[in-house]
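*Asks:* below is the structure, and that's it, no one-letter string:
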């Protein structure tokens with residue numbers, strides 16, 4: 001396959017020690033453990049950086065850096081990485097960089113995944129072709145690792161999925177192949193919550209070859225519940241059969257839900273927030289993206305956020321229907337119609353209910369979504385919900401921007417990022433939701449609000465994290481207000497996570513294993 005990755009310059013020499021966390025399966029808690037270790041070692045005075053060679057997630061964050069030159073106006077371009085690595089960067093007290101997650105896969109219905117290399121989209125690749133592409137990405141992965149390691153005392157490297165997918169060994173760029181090339185010691189993480197930890201750890205030992213086994217310096221049991229005295233014999237079995245020492249047992253971390261979720265696996269466990277009062281319902285679409293936009297609302301005690309599964313109607317007592325971002329706007333409109341949610345939304349509006357659309361959700365609220373080049377599926381046009389007088393055309397240029405501005409009606413500050421390929425036009429934009437700093441000393445309108453004010457949409461991700469705006473918006477809807485400082489809650493939770501790993505792991509011993 002003719003493809004090469006241009007590298008800008010020789011990376012600086014590596015100076016950091018590094019330690020890699022690999023998992024016995026997906027969702028064992030690798031991302032959360034790395035975030036906790038990032039904050040814990042940072043608090044000890046070390047310069048720490050996260051790294052994950054390849055992530056698969058539709059939850060992403062915009063970076064301040066990019067491999068691409070400035071745009072025509074001289075403004076720097078932005079990149080994107082997985083949301084988990086952005087949270088880990090925050091745990092380190094630094095801005096996210098494209099080099100912390102050089103390869104990001106964003107699943108799309110029908111056509112595989114969009115491949116993002118160092119913040120730049122390489123287009124959509126079916127899985128079979130992506131496996132052919134992966135080896136050509138390895139030079140960029142190693143280059144990014146070197147650049148990350150040149151800026152730190154310690155790099156905490158996260159593997160992807162299961163480390164023992166032997167059928168993918170030939171095209172691995174993120175687990176043992178990376179560990180070999182970068183000479184990384186590996187800690188194996190397993191999950192006790194679902195059971196089967198013994199089989200997972202011992203099975204990993206069986207499936208790894210001798211060189212790979214020797215690279216594993218020990219294992220950690222995560223998500224533990226109960227009495228360790230009853231579980232200790234299981235750990236003895238794992239150690240006797242593998243020769244790997246037990247490096248610690250981490251109990252279940254109750255407040256993990258206060259941190260942004262990494263990917264759609266979280267949606268499989270999520271039904272509704274613990275709040276009560278204002279009722280916000282969210283149809284669960286096939287490729288929901290950046291659904292952590294809802295986290296500040298879920299954190300409000302006077303708000304209940306409920307995700308609707310397939311087959312569930314939109315309840316008549318809902319106050320707000322919220323449509324999230326997605327990688328496949330036209331396909332999601334088909335999901336809405338197949339489930340009958342489009343009819344429910346129209347009835348909800350007639351009853352005086354509110355509707356909010358964010359990013360792709362904003363596009364769905366319009367009159368039409370057009371994808372003439374088939375970037376998200378078969379080429380064609382799909383009618384929108386017709387609640388805003390706008391149309392969207394999906395194009396090749398992807399907008400990535402960190403932005404700030406004001407709510408048009410209240411003057412409250414908002415901030416976040418844009419990440420989309422569509423361009424939206426139409427008379428409905430004459431009633432904008434927001435006024436955004438255009439980066440050149442002026443402002444531009446953003447989003448749209450219906451004439452009666454009950455339907456609104458915007459491309460701004462993170463809008464509800466602004467405490468003043470969120471309180472004003474909730475007050476308009478009659479919700480019970482709280483004194484929630486959302487960003488402070490994230491910081492407090494990261495500190496609590498660091499306390500958790502400090503209490504249950506020997507961090508001095510782990511640091512000694514890094515090299």
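*Replies:* Great, that's in hand. All figures in this text were calculated on a predicted structure; none of them were measured in a lab.
*Asks:* from here on, just use CA atoms for contacts and neighbour counts.
*Replies:* Noted.
*Asks:* tell me who's in contact with residue 429.
*Replies:* Neighbouring residues of residue 429 by C-alpha atoms under 8 Å, 6 or more residues apart in numbering: 389-390, 445-449.
*Asks:* would you turn the residues you listed into TSV with neighbour count and distance to residue 82?
*Replies:* Output for these, formatted as TSV (neighbours: other C-alpha atoms under 10 Å; distance: C-alpha to C-alpha, whole Å):
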residue	neighbour count	distance to residue 82
389	19	33
390	23	30
445	18	28
446	23	25
447	26	25
448	28	28
449	23	30
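*Asks:* how about these, which pair is most distant?
*Replies:* 389 and 445 (15.3 Å; C-alpha to C-alpha).
*Asks:* returning to what we had before: inside strands: which ones of the contacts of residue 429?
*Replies:* Counted as lying in strands by DSSP state E, out of the contacts of residue 429, are 445-446, 448-449.
*Asks:* looking at these, spot the one nearest residue 121.
*Replies:* Using C-alpha to C-alpha, those come closest to residue 121 at residue 446, 24.1 Å.
*Asks:* element containing the residue in the chain sticking out farthest from the centre?
*Replies:* Within the chain, the residue lying farthest from the chain centre (C-alpha atoms, centre = their mean) is residue 240, at 37.6 Å. Assigned by DSSP states H and E, residue 240 belongs to helix 228-242.
*Asks:* buried residues of that helix, list them for me.
*Replies:* 235, 238-239, 242 (16 or more other C-alpha atoms under 10 Å).
*Asks:* ok, stretch 507-515 next?
*Replies:* 507, 510, 513-514.
*Asks:* how about residues contacting that stretch?
*Replies:* Taking C-alpha under 8 Å, 6+ apart as the rule, stretch 507-515 contacts 16-19, 184-185, 217, 247.
*Asks:* tell me where the model's unsure across the stretch 201-350 of the chain.
*Replies:* The stretch 201-350 of the chain contains residues with pLDDT under 70 at 262-275.
*Asks:* so where do the helices sit in the stretch 301-450 of the chain?
*Replies:* 329-339, 341-350, 360-364 (DSSP state H, counting those that start in this stretch).
*Asks:* and these, which is most packed in?
*Replies:* The highest mean neighbour count among these, using mean count of other C-alpha atoms under 10 Å, belongs to helix 360-364: a mean of 29.
*Asks:* centre of the chain to that helix, how far?
*Replies:* Between the centre of helix 360-364 and the centre of its host chain there is 19 Å, according to C-alpha atoms, centre = their mean, to the nearest Å.
*Asks:* model confidence over that helix, on average?
*Replies:* Helix 360-364 shows a mean pLDDT of 97.
*Asks:* that one packs against which elements?
*Replies:* The helices and strands touching helix 360-364, judged by 3 or more C-alpha pairs under 8 Å, 6 or more residues apart in numbering; DSSP states H and E, are strand 320-323, strand 325-326, helix 329-339, strand 354-358, strand 455-458.
*Asks:* run the last query once more with 7 Å
*Replies:* Under the contact criterion of 3 or more C-alpha pairs under 7 Å, 6 or more residues apart in numbering; DSSP states H and E, helix 360-364 touches strand 325-326, helix 329-339.
*Asks:* figure out which of those is closest to residue 311.
*Replies:* helix 329-339 (6.4 Å).
*Asks:* pull the distance from the strand or helix carrying residue 211 to the chain's centre.
*Replies:* Element membership for residue 211, per DSSP H and E: helix 210-215. Here the centre of helix 210-215 is set off from its chain's centre by 31 Å, with C-alpha atoms, centre = their mean.
*Asks:* what do you get for stretch 433-448?
*Replies:* That offset, for stretch 433-448, works out to 26 Å (C-alpha atoms, centre = their mean).
*Asks:* what's the span of that stretch, first residue to last?
*Replies:* 5 Å (C-alpha to C-alpha, to the nearest Å).
*Asks:* now it: buried residues?
*Replies:* 433-437, 445-448.
*Asks:* could you look up the SS state of residue 65?
*Replies:* Here residue 65 is coil, with the state taken from DSSP: H, G, I helix; E, B strand; the rest coil.
*Asks:* distance check, the nearest residue to it once chain neighbours are set aside against residue 66.
*Replies:* Nearest residue to residue 65, sequence neighbours excluded (C-alpha to C-alpha, 6 or more residues apart in numbering): residue 78, at 5.5 Å. Distance, residue 78 to residue 66, by C-alpha to C-alpha: 5 Å.
*Asks:* ok, back up a step: from the buried residues of stretch 433-448, which two are the most distant?
*Replies:* Pairwise over the buried residues of stretch 433-448, using C-alpha to C-alpha, the maximum falls at 437 and 448, 16.4 Å.
*Asks:* so what's the residue count around residue 217?
*Replies:* Residue 217: 19 surrounding residues under other C-alpha atoms under 10 Å.
*Asks:* OK, contacts around it?
*Replies:* Shown in contact with residue 217 (C-alpha atoms under 7 Å, 6 or more residues apart in numbering): 185-187, 244.
*Asks:* so which of these belong to strands?
*Replies:* 186-187.
*Asks:* out of the contacts of residue 217, which is most surrounded?
*Replies:* residue 186 (28 neighbours).
*Asks:* burial of residue 196, as a residue count?
*Replies:* With other C-alpha under 10 Å as criterion, residue 196 counts 11.
*Asks:* quick check: it vs residue 224, distance?
*Replies:* 12 Å.
*Asks:* mind checking how far residue 480 is from residue 305?
*Replies:* Counting by C-alpha to C-alpha, the gap from residue 480 to residue 305 is 14 Å.
*Asks:* could you do residue 139 as well?
*Replies:* 43 Å.
*Asks:* okay, these two: which has more neighbours?
*Replies:* residue 305 (27 against 15).
*Asks:* the stretch 401-515 of the chain: strands as residue ranges?
*Replies:* Per DSSP state E, counting those that start in this stretch, the stretch 401-515 of the chain carries strands over the ranges 413-425, 434-437, 443-446, 448-449, 455-458.
*Asks:* closest to residue 280 out of those strands?
*Replies:* strand 455-458 (13.8 Å).
*Asks:* show me where the stretch 101-250 of the chain has strands.
*Replies:* Under DSSP E, counting those that start in this stretch, the stretch 101-250 of the chain gives strands at 103-108, 112-117, 120-125, 154-158, 186-191, 216-224, 246-251.
*Asks:* for residue 81, what are its contacts?
*Replies:* By C-alpha under 7 Å, 6+ apart, the neighbours of residue 81 are 60-62, 98, 101, 104, 119.
*Asks:* thinking again about what came up before, distance to residue 126 added to the buried residues of helix 228-242, as CSV?
*Replies:* Below are the buried residues of helix 228-242 laid out as CSV (distance: C-alpha to C-alpha, whole Å):
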residue, distance to residue 126
235, 41
238, 38
239, 40
242, 37
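*Asks:* quickly note the distance from the nearest residue to residue 223 once chain neighbours are set aside to residue 26.
*Replies:* Excluding the flanking residues, the one nearest residue 223 by C-alpha to C-alpha, 6+ apart is residue 252, at 4.2 Å. As judged by C-alpha to C-alpha, residue 252 and residue 26 stand 17 Å apart.
*Asks:* swap in residue 156?
*Replies:* 18 Å.
*Asks:* these two: which has the busier surroundings?
*Replies:* residue 156 (24 against 16).
*Asks:* how many other residues sit next to residue 506?
*Replies:* Neighbour number of residue 506 under other C-alpha under 10 Å is 12.
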